[in-house]
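In: Generate a structure from the sequence data that follows.
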Amino acid sequence: PLFQSITPTHGFYNQNITIKGEGFASQGNMVKIGYLYASVLYENTTHIIISLPKHVGGTYPIIINVPNKGYADGHQLWFRYDSGISEITPKLGSRYGGQRITISGYGFAPYGNIPSSSSSSNID
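Out: Predicted coordinates for the structure are as follows:
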């Protein structure tokens, strides 16, 4: 099996991407992005459409395992998980500090300097 391209090359959780190539199986292909498996929504011998799993923002290799054939070869394909802030609430606060804010967005790490829960973070 040979993989040739992905569309789009960047995005975020739950977005669909299309992988083009040849020699894929008509069913049972497994696609891994970084260290997480993606849900395969559609597959045939030349195309695989997947739904992206939750992942921390960054760039990760795409690995395709084709049943009874092994890993797909070809130009190494990478997918970039975007990350960003979509909202900070409240919009205004005290100039003296001590106010709780919520930062909402996507591509946050589950652990790190700012406590995170799902797509929102609370800072005490």
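In: least trustworthy helix or strand in the chain by mean pLDDT?
Out: When each helix and strand of the chain is scored by mean pLDDT, DSSP states H and E, strand 116-117 comes last, with a mean of 42.
In: who's in contact with Thr59?
Out: Contacts for Thr59 (CB atoms under 8 Å, 6 or more residues apart in numbering) come out as Trp78, Phe79, Arg80, Tyr81. Just so you know, the C-beta spots here come from the backbone N, C-alpha and C atoms, and that holds for glycine as well.
In: For ChimeraX, what selects the buried ones among those residues?
Out: Entered in ChimeraX, the line below selects the buried ones among the contacts of Thr59, by 16 or more other CB atoms under 10 Å:
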select :79,81
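In: any chance of the contacts of Thr59 in CSV, with secondary structure too?
Out: Shown next, in CSV, are the contacts of Thr59 (DSSP: H, G, I helix; E, B strand; the rest coil):
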residue, secondary structure
Trp78, strand
Phe79, strand
Arg80, strand
Tyr81, strand
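In: Switch the contacts of Thr59 over to CSV; also include pLDDT and distance to Thr89.
Out: Converted to CSV, these look like this (pLDDT from 0 to 100; distance: CB to CB, whole Å):
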residue, pLDDT, distance to Thr89
Trp78, 91, 34
Phe79, 92, 30
Arg80, 91, 28
Tyr81, 90, 24
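In: Redo the contacts of Thr59 as JSON lines? Include distance to Glu22.
Out: JSON lines is the format used below for the contacts of Thr59 (distance: CB to CB, whole Å):
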{"residue": "Trp78", "distance to Glu22": "20"}
{"residue": "Phe79", "distance to Glu22": "20"}
{"residue": "Arg80", "distance to Glu22": "25"}
{"residue": "Tyr81", "distance to Glu22": "27"}
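In: Out of the contacts of Thr59, which is nearest to Val40?
Out: Nearest to Val40 among those: Phe79, at 14.9 Å, using CB to CB.
In: need the contact list for the closest one.
Out: Counting by CB under 8 Å, 6+ apart, Phe79 touches Ile6, Thr9, His10, Gly11, Ile17, Ile33, Leu52, Thr59, Tyr60, Ile62.
In: Sweet, I'm off.
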